[in-house]
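Visitor: Give me a 3D structure for the following:
(4 chains)
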2 protein chains.
Amino acid sequence: MNTSNNVLTEAVYYILLALVEPLHGYGIMQQTARLSNGRLVISAGTLYGAISTLLEKGWIKQVTNTFESRRKEYVITPDGHVVLMAELDRLRELVANGEKIL
Amino acid sequence: MNTSNNVLTEAVYYILLALVEPLHGYGIMQQTARLSNGRLVISAGTLYGAISTLLEKGWIKQVTNTFESRRKEYVITPDGHVVLMAELDRLRELVANGEKIL
DNA sequence: TACCTTTGTATCGGCTACCGATATAACGGA
DNA sequence: TCCGTTATATCGGTAGCCGATACAAAGGTA
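Guide: The predicted structure follows:
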């Protein structure tokens, strides 16, 4: 499963976070930009590369959309959720250590 | 100066954090491992590569140590401090968004 | 109708960074 | 004498991000 011992990149973190609810690629880009107040705009190269990696790892899965459309929807898996929670813990550790020292 | 618009890697973040007080390379490794409760052990390749990059960027500088020794001590610069504070803000944003959604 | 912007997915090459392995060597203790 | 720790440094492999590029459908406007 390879859940622990993993540091997520910022892009992957936001992609997983966006996929807590089913969403398609382009929607992930917009959701990420919105959440980060426009700071992080995931490029297409990053996004679709990350999506295929995440599918291989089984952290997200494709949702079979009822209405045929250009869109491909994805959603986070239970494994992906575990990874995401572990990442949040890691980020909390970084913030705590930063606040302790600075 | 290239302070903003920068995402620090975990290794670089801990290196800068450790260099709030003067410290040498090997000491940074130990300090990082201690702060992260043994989770993050920066490898030698990462450490010395990052140190030379940080020197080039002017985010850290070498401290002229009084007593000749094998050790080379470094310390964070004002520029490095600005970068570090910006990174802490970014991490806080990630945690806040994670907690909002999860 | 014709044009433009937005939506939407996808690939490729270049660059950066982490890591493990490897090398070298001084120091201190058993 | 031997060995583990301290200490710095380089190299090759791998992974990920990004900008550029490509293609195309949908919607709005002149």
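
Visitor: A:Leu16 contacts A:Ile51, doesn't it?
Guide: No. A:Leu16 is beyond contact range of A:Ile51, at 10.8 Å (criterion: C-beta atoms under 8 Å). The way it works is simple: take the backbone N, C-alpha and C, and place the C-beta from them, glycine included.

Visitor: overlap in contacts of those two?
Guide: Shared contacts of A:Leu16 and A:Ile51 (C-beta atoms under 8 Å, 6 or more residues apart in numbering or on different chains): A:Ile60.

Visitor: neighbour-wise, which of these two wins?
Guide: For A:Leu16 and A:Ile51, the more surrounded residue by other C-beta atoms under 10 Å in any protein chain shown is A:Leu16, and the numbers stand at 25 against 19.

Visitor: isn't there a helix covering the more buried one?
Guide: Yes. Using DSSP: H, G, I helix; E, B strand; the rest coil, the assignment for A:Leu16 is a helix.

Visitor: what sits against it?
Guide: Listed by C-beta under 8 Å, 6+ apart, the contact partners of A:Leu16 are A:Leu8, A:Leu54, A:Trp59, A:Ile60, A:Ile76, A:Gly80, A:Val83, A:Leu84, A:Glu87.

Visitor: was I right about the first one contacting A:Asp89?
Guide: If I follow you right, that is A:Leu8. No. At 11.6 Å, A:Leu8 and A:Asp89 do not qualify as touching, with contact defined as C-beta under 8 Å.

Visitor: Output the set of residues of chain A in proximity to chain B.
Guide: Within chain A, the positions near chain B by C-beta under 8 Å from any C-beta of the partner chain are A:7, A:10, A:13-14, A:17, A:20, A:35-36, A:39, A:84-85, A:87-88, A:90-95, A:97-99, A:101-102.

Visitor: Separate out the buried members of these.
Guide: Buried members of the residues of chain A next to chain B, counted by 16 or more other C-beta atoms under 10 Å in any protein chain shown: A:10, A:13-14, A:17, A:35-36, A:84, A:87-88, A:90-91, A:93-95, A:97-98.

Visitor: who has more neighbours, A:Leu8 and A:Asp89?
Guide: Higher neighbour count among A:Leu8 and A:Asp89: A:Leu8, with 21 against 12, using other C-beta under 10 Å.

Visitor: Excluding chain neighbours, what is closest to the more buried one?
Guide: In space, and not counting its chain neighbours, A:Leu8 is closest to A:Glu87: 4.6 Å by C-beta to C-beta, 6 or more residues apart in numbering or on different chains.

Visitor: and that neighbour, that's in a helix?
Guide: Yes. Applying three-state DSSP, one finds A:Glu87 inside a helix.

Visitor: still on that earlier bit, tell me which of the buried ones among the residues of chain A next to chain B fall in helices.
Guide: A:10, A:13-14, A:17, A:35, A:84, A:87-88, A:90-91, A:93-95, A:97-98 (DSSP state H).
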